[in-house]
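Undergrad: Here's my sequence, what's the structure:
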Amino acid sequence: MAEEKKKGAVSRRFSAATKFFRDCKAEIKKIVWPTPKATFRNMGVVLVAMIIIGLFIFALDTGFGALLGLIMDTAA
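TA: Prediction:
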């Protein structure tokens, strides 16, 4: 009797795992991948944004460094 319960539990787990993987496969089929043209366009947008943000941070760093230099020279 205990062996029958054990076999049923294993069978339920196997069927649950099978259903999980079947559902995963169905969800993966629903994915809409971007076209190469859209991918390159998005990459260009990201690169431009990175350059603009990098220049902004560079300007802030330079400005704050110069300001700190003035403050340090005045204190000395």
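
Undergrad: pLDDT at residue 73, what is it?
TA: For residue 73, the pLDDT comes out at 84.

Undergrad: what about it, which helix or strand?
TA: Residue 73 is part of helix 36-75 when elements are defined by DSSP states H and E.

Undergrad: Poorly predicted segments of this protein, please.
TA: Residues of the chain meeting the criterion pLDDT under 70: 1-7, 75-76.

Undergrad: mind checking how far the most centrally placed residue in the chain is from residue 25?
TA: Nearest to the geometric centre of the chain sits residue 46, at 13.9 Å (CA atoms, centre = their mean). Note on residue 46: its distance to residue 25, by CB to CB, to the nearest Å, is 31 Å. The C-beta positions use only the backbone N, C-alpha and C, and glycine is treated the same way.

Undergrad: Let me know the secondary structure of residue 32.
TA: coil (DSSP: H, G, I helix; E, B strand; the rest coil).

Undergrad: what's the burial count for it?
TA: For residue 32, the neighbour count with other CB atoms under 10 Å is 5.

Undergrad: same check, this time on the one 4 residues further on
TA: The tally of other residues near residue 36 (other CB under 10 Å) stands at 8.

Undergrad: try residue 16
TA: Neighbour tally, residue 16, other CB under 10 Å: 10.

Undergrad: Please identify the helix or strand for it.
TA: helix 2-29.

Undergrad: Which strands and helices lie in contact with that helix?
TA: Judged by 3 or more CB pairs under 8 Å, 6 or more residues apart in numbering; DSSP states H and E, helix 2-29 has no packing partners among the helices and strands.

Undergrad: Return the set of buried residues in it.
TA: Buried residues in helix 2-29, counting neighbours by 16 or more other CB atoms under 10 Å, are absent.

Undergrad: just how off-centre is that helix within its chain?
TA: Distance of helix 2-29 from the chain centroid (CA atoms, centre = their mean, to the nearest Å) equals 30 Å.

Undergrad: shift numbering so it begins at 611
TA: All set: I'll call the first residue 611, so the last point we hit is now helix 612-639.
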